[in-house]
Structure formats: C-alpha cells, structure tokens
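Undergrad: give me a 3D structure for the following:
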Amino acid sequence: MAIKTYDLVIIGGGAAGLVAAVAAGALGASTALVEKEERLGGECSWTGCVPSKALIAAASLAYRSGYQPDNVMEQVRQTVQEASKSSKAKMLLEKYKIDLYYGPPKFKDNHILETSNATLKAKIFILCTGSSAVRPDIPGLTEGYLSNREIWDLSAPPPSLIVIGGGPIGTELAQAFHRLGSKVTLLHSRDRLLPRDDVELARELTSLLQEEGLNIRLNFRAKKVEKTKAGWQLDDGDEILFGKELLISLGRQANTDNLNLEAAGVEFNREQIKVNQYLRTTAPNIWAAGDCTGGLRFSHIAEIEAKIAVRNALFPFNSRPNYQGAPWTTFTDPEMAHLGLTEEECKDKKLTYRTYYQPFSGDDRAVADNTKQGRVKIIASPYGKLLGVHILGPRAGELINEFVLARRKGLRIHDIGLTAHVYPTLGLALQRATDNWFSEWADKPWAKFMIRTLRR
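TA: Predicted coordinates:
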C-alpha cells in the first residue's frame, strides 16, 4: 500500500477534529482527516447534543400542550439526519483541500498511521478521538442496558425507565422521557443532582423536577442489577426498583481502543490521553484536543482546544487554551447555565465575594411567557469583578453568553448594569440582578456622604 505524506493528520471527525482540520487547512498545511465511522460530526451530532435537544423540544411541547406525539423517536432521528445534511463540514473540508479517510486507524509509530485503505505519514498528528460512556462495575450488569448511544434506537418512549446518574445527560433525559409519558426513576449516588453546578440552584432545580412528578432518589447506590424478561431490577440492599429499560450515565472515558498509542509513545489511561498545558502528548509531535483529553467535555470547549492544538503544532511560542470561564448549560426545563466559580469554590479559595440575585418571577417577559421559575445569581468581588454567574431559568444557555463575553473582556458587574437591555426580554433580568450591587454601594456611609456633598 502506497504511503501518502502530509504535514498534519487529524484523527477523529467530531467537533474538535473538524475544527482542527479546517484551521490547519486554512493555515496552508497539507492535512488529512481520519474518521473511523462512515459519518462526520462525532458524538454530539449523532448521539449527544443534537438528538437530546430534539427530544427535549418534543417533550417540552408535549408537557405544555398535553399532546403526546406518536412517533417522537422517529422525529428525533429525522432531526439528526436533517442537521447532518445542513452541516457545512464537508464543504469546508473541500474548500481547504482536506483529504478525508474513513475506517479504524492504528499507529505504527509516531509518524506512521495505518487505515483500512491507506498508510499515512505525517510530521504532526492531532488526536481528537472523543469519548464514550463508562461501563460501571455493578454486579449483575449485562449487555442490553442503554447509554446515550443506544437510547436513540428505541422505537418509542418506554413504559418505565430507570436512569442511573444525575449529571447533565442523565438529568436531561430523565425529565424528557418523564414528560413523554415514561415512568422514570432517576438515581444518583450523591446528595444532589448536577454536582459541578452551583449547590443552591441545583437543589432548586431538583425541587422543581420533583414537583413536576419526576421520581428522584439521591444517595442511592445499586448493589446488584438483574436483567429479566420483563426488564431490569435494581437492588440497593433495602428495596428493589424495576424499569422496562435501564439508562446508565455515569461519566465518560477517552476513545483510545485499537489506536496502538503505545507504538506512538503516547501515554494514556481509561479516562484520558495525557497532555501538558499546551495540549501536547508525551510524543513530541502529537497533540490532542477535545473529550479525549479528559477535561471539560463540551463541544464548545473542544473547538477552543482544537484551535490551540493546531496553533501550537504549526507555530512556535506555544499558547494555553483560554477557557473563558468554562461556560456550560444543562438543558433541563428550566435550563441551568454555569460560568466561572461557584459559591462553594469561592469559599474553598477563601475569596471575599458578594452574591446578587434576580428571580424570573420579577421579569415581565418571563411572567408573560409563564416561564418564571428560577433566577439569576451573580457572584462578584466587592469591587464588581465577575467571579461566577449561574442562571436557572428559561433560555439560560442563551443568557449566559453575555457574561462569557463580559468576563473575557474584563468587564465588571456595573458594566452590565449600565448597559441598556431591551424591554420586555429575559435579558433584562441580567441587568436587574446588578441593581443590588448599585444599591449596596449607595448604602455605604462614605457614599451617602459624597452624594450629600455633591448635591449641595
């Protein structure tokens, strides 16, 4: 088999791999992209973000209208196909003359990669292999349970569903299937859902989900699982729970199987491919980006890392990724958005901080739309530096972006407060949350003295 030579070869055609390939091609590097499956887009496009948001949208409509669609899972699959067709990925690959190879890749050494139909030689490689669901070590667990990959193959929402794992994926899907008519039990081993989010708002969300009728069991650890003809039985030692289907969402692991990374000199473990602060692996000519590095596993973070990996691979004077406060959103209803530090992290760091709130029940647009659950929570230093922003409420994932830009540009809380926000919009709640900061300063004795003096 003839060897084809490139400046750079990227492994993995998901969010990180596609961005890395386009960036490298735009910078003039001869580039190849290798994807083991016969489709581009990765986990997010096919078994993650896109199908789950389609399901959540259908569930929200069903919940608010009372109409239960007959073929919701087929609608989700059609949405995934439609999103794939509308993607500009292939067009961009062609524009920048990126050669595309499908099939499982395997390293021969740190410069040679073998695929099913070609042998590729490159000066540089970037690993963007993504992640997949962890299989937990629970006695009795056999094949047939669902992860975020298999659940989209269901023909219809199951009559009953047990979800193990109260992180973003488990919580989102538990609420969606509950709204679509499944009897759902959500199990989590800790004392609250969404353990990486703000404690106060996470507990508020948990209460809202329970009020909606979702059965949530915290501090639950399954000691034994049994698959029967009727479904699944879980035993925690005190009681037995039953569900027709079992969905497990207990974390992610790096996709490294059959890559032969040992031959390339790349160190890795089940959770991650080892990289330094510049995203370089233990092989001097190989970088990694996205989920496989074991950091924040979000598509927007993968894109940031992909750009930095390409920049560091092709140019001198390496840069570190700027995660811009590491924003993310859990797309429950209401949504939970996160930026920067939580209040608990501020306490751990012994930071001096203030918290400022605005409930959506005080926002006219939220009241008009009947989406008044939740609130905005801003954590700032005494002089207004934004330390963290957490939003539980309608379109929280959209609203948080204003603070992402503000934090990146070094703006302070008063900059938000002095910016006109269109009325009536949900965004006005962000401005209203800052009013307490102005009130706090106006109440200080020295500020009152200055105001009285200036008025005279």
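Undergrad: so which residues of the stretch 1-150 of the chain form strands?
TA: Secondary structure of the stretch 1-150 of the chain, counting by DSSP state E, counting those that start in this stretch: strands at 3-11, 31-35, 99-102, 106-109, 112-114, 119-127, 131-133.
Undergrad: the ones you listed: which one's closest to Pro51?
TA: strand 131-133 (14.4 Å; Cβ to Cβ). Heads up, the C-betas are built off the backbone N, CA and C, glycines and all.
Undergrad: distance between that closest one and the chain's centre?
TA: Here the centre of strand 131-133 is set off from its chain's centre by 13 Å, with Cα atoms, centre = their mean, to the nearest Å.
Undergrad: report the rounded mean pLDDT for that strand.
TA: For strand 131-133, the mean per-residue pLDDT is 95.
Undergrad: go on, stretch 54-73?
TA: Rounded mean pLDDT across stretch 54-73 is 93.
Undergrad: what is the end-to-end distance of that stretch?
TA: Start to finish, the residues bounding stretch 54-73 are 9 Å apart (Cα to Cα, to the nearest Å).
Undergrad: pull out the buried residues from it.
TA: Within stretch 54-73, the residues that count as buried by 16 or more other Cβ atoms under 10 Å are Ala54, Leu55, Ile56, Ala57, Ala58, Ala59, Ala62, Tyr63, Val72, Met73.
Undergrad: same question for stretch 199-219.
TA: Glu200, Leu201, Ala202, Glu204, Leu205, Thr206, Leu208, Leu209, Leu214, Asn215, Ile216, Arg217.
Undergrad: who touches it?
TA: With contacts defined as Cβ atoms under 8 Å, 6 or more residues apart in numbering, stretch 199-219 is touched by 166, 171, 174-175, 178-179, 183-195, 241, 332, 334, 336, 342-344, 373-375, 377, 390-392.
Undergrad: what's near enough to touch Ser30?
TA: Thr5, Tyr6, Asp7, Leu8, Lys97 are the contacts of Ser30 under Cβ under 8 Å, 6+ apart.
Undergrad: report the buried members of those.
TA: The neighbour count (16+ other Cβ under 10 Å) marks Tyr6, Asp7, Leu8 as buried among these.
Undergrad: out of those, which comes closest to Lys123?
TA: Asp7 (5.7 Å).
Undergrad: how close does the closest one sit to Ser319?
TA: 19 Å (Cβ to Cβ, to the nearest Å).
Undergrad: check Pro158 too.
TA: Applying Cβ to Cβ, the value for Pro158 to Ser319 is 47 Å.
Undergrad: of those two, who's got more company?
TA: Taking neighbours as other Cβ atoms under 10 Å, Pro158 and Ser319 compare with Pro158 leading, 22 against 13.
Undergrad: residues in contact with that one?
TA: So Pro158 contacts Phe177, Ser182, Gly243, Lys244, Glu245 (Cβ under 8 Å, 6+ apart).
Undergrad: tell me the one of those nearest Ser299?
TA: Using Cβ to Cβ, Phe177 comes nearest to Ser299 of the contacts of Pro158, at 22.9 Å.
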